[in-house]
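Visitor: Quick one, what's the 3D model for this:
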Amino acid sequence: MAENIRRKIPVLVLAAVVLFTAWMLWPRSLAAAFDARGELSVTVITSGVEVVDMTSKPWQDMETYTVEAGSPEAAAVEKSLEGYSYRLCWDSLTGKSLIEDIGAVSVKLYGPEGDLSVFSGTGKIRLNGRTVRLAGGRSAVLCEELTVLLRGEN
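Guide: Numbers count the residues shown, from 1 in each chain. Now for the predicted structure:
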C-alpha cells in the first residue's frame, strides 16, 4: 500500500505543475476584466529627453480626458480592448507593482470599478491593481490605438 502511494506522488506533483502552468498562461479577455462601459477618466503621458547645448533636459506632456458612459468614444475604447487578452505573470503572484522600461507613452484609464495602465515600452500592464502581461506583448500597439482614439485623430 505504501509503495503504491509512493508511485502516485510524482504523478500528482507533475499534474499539479501542469495545471498551475496552464492557469498562469491561460489567456483572459482584457475587455471582460476592465469595464469600459462606465465613465472613464483617462490620462495620456508622453515623455522624453531633449538635448540642448550638450545638456539633457527631460520633458513630459500630460493630457487628460473624460469619456462619458454610452458615448461613441466609450464604445470605441471597449471595442479596442476586445481585441486583446492578458495572462498572469510572476509579478501577478508576488504583488510586485513596479514596472520597468515603460517607454515614452503611458495610457491610464480609471473606471468606476477598476483601472488599466498600458505602457509603450513593455509587455506588462497594470490591471485593477495587479501587474499582468499583455498577450503577444502588443502594449505599444494598444497605447497607439487608445491615444489616437482619445485625441480624435484618424
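Visitor: which residues sit in contact with the residue nearest to the spatial centre of the chain?
Guide: For the chain, the residue nearest the mean C-alpha position is Ile125 (2.7 Å; C-alpha atoms, centre = their mean). When contacts are counted by C-beta atoms under 8 Å, 6 or more residues apart in numbering, Ile125 touches Tyr86, Leu116, Ser117, Val118, Phe119, Thr131, Val132, Arg133, Leu134, Ser139. For glycine as for every other residue, the C-beta is placed from the backbone atoms N, C-alpha and C.
Visitor: Which of the residues in stretch 132-151 are classified as buried?
Guide: Buried positions in stretch 132-151, judged by neighbour count with 16 or more other C-beta atoms under 10 Å: 132-134, 138-140, 142-143, 145-147, 149-150.
Visitor: For this structure, which segments are assigned as strands?
Guide: Applying DSSP state E to the chain gives strands spanning 28-29, 40-52, 55-67, 85-87, 105-111, 114-119, 124-127, 130-134.
Visitor: in the sheet, who's paired with the residue nearest to the centre of the chain?
Guide: Beta-bridge pairing for Ile125 (DSSP bridges): Val132.
Visitor: Tell me which residues are up against the longest helix belonging to the chain.
Guide: In the chain, with assignment by DSSP state H, the single longest helix is helix 2-25. Identification of contacts with helix 2-25 by C-beta under 8 Å, 6+ apart yields Arg87, Leu88, Cys89.
Visitor: So what's the gap between that helix and the chain middle?
Guide: Distance, stretch centre to chain centre, for helix 2-25: 31 Å (C-alpha atoms, centre = their mean, to the nearest Å).
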